[in-house]
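[1] structure for the following, please:
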Amino acid sequence: LFVSEGTHYEKYKVIRHNPYLNFAFNKFREGGKQLVIYGFSLSSQDQHIINTINERQHNIAISI
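    This is a model prediction of the structure:
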């Protein structure tokens with residue numbers, strides 16, 4: 001389950017109003033320092049994810 005359309009603000013709003021997605025996003029925010037993103041590119045619509053990655057200072061690997 002994921003939100004595929006809308007601006008980053010619209011996607012973030014949907015995530016915060018869905019109990020499952022909100023739980024998953026909070027767990028992502030609390031997670032460790034290592035992160036691998038596989039099969040997903042980060043665009044301007046994903047700014048909420050990028051902001052969270054920057055807040056946590058993850059070591060990150062991205063494969064698209």
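
[2] buried ones in the helix ranked longest in the chain, by neighbour count?
    For the chain, the longest helix by residue count, based on DSSP state H, is helix 19-30. Using 16 or more other CB atoms under 10 Å as the test for burial, helix 19-30 gives Leu21, Phe25. Placement of C-beta: from N, CA and C, glycine included.

[3] what of stretch 7-14?
    Neighbour counts over stretch 7-14 (16+ other CB under 10 Å) mark His8, Lys11, Tyr12 as buried.

[4] I'd like the residues you listed as JSON lines, with distance to Arg56, pLDDT and secondary structure appended.
    Compiled in JSON lines, those are given as follows (distance: CB to CB, whole Å; pLDDT from 0 to 100; DSSP: H, G, I helix; E, B strand; the rest coil):
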{"residue": "His8", "distance to Arg56": "17", "pLDDT": "87", "secondary structure": "helix"}
{"residue": "Lys11", "distance to Arg56": "19", "pLDDT": "89", "secondary structure": "helix"}
{"residue": "Tyr12", "distance to Arg56": "16", "pLDDT": "89", "secondary structure": "helix"}
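
[5] picking that back up, elements contacting the longest helix of the chain?
    With contacts defined as 3 or more CB pairs under 8 Å, 6 or more residues apart in numbering; DSSP states H and E, the secondary structure elements packing on helix 19-30 are helix 8-17, helix 47-56.

[6] and the last one, how far from the chain's centre?
    Spelled out, it's helix 47-56. Its chain's C-alpha centre lies 7 Å from the corresponding centre of helix 47-56 when counted by CA atoms, centre = their mean, to the nearest Å.

[7] what average pLDDT does it get?
    In this model, helix 47-56 has a mean pLDDT of 82.

[8] next one: stretch 22-33
    The model assigns stretch 22-33 a mean pLDDT of 83.

[9] for Ile60, what is the enclosing helix or strand?
    For Ile60, the element it lies in under DSSP states H and E is strand 59-63.
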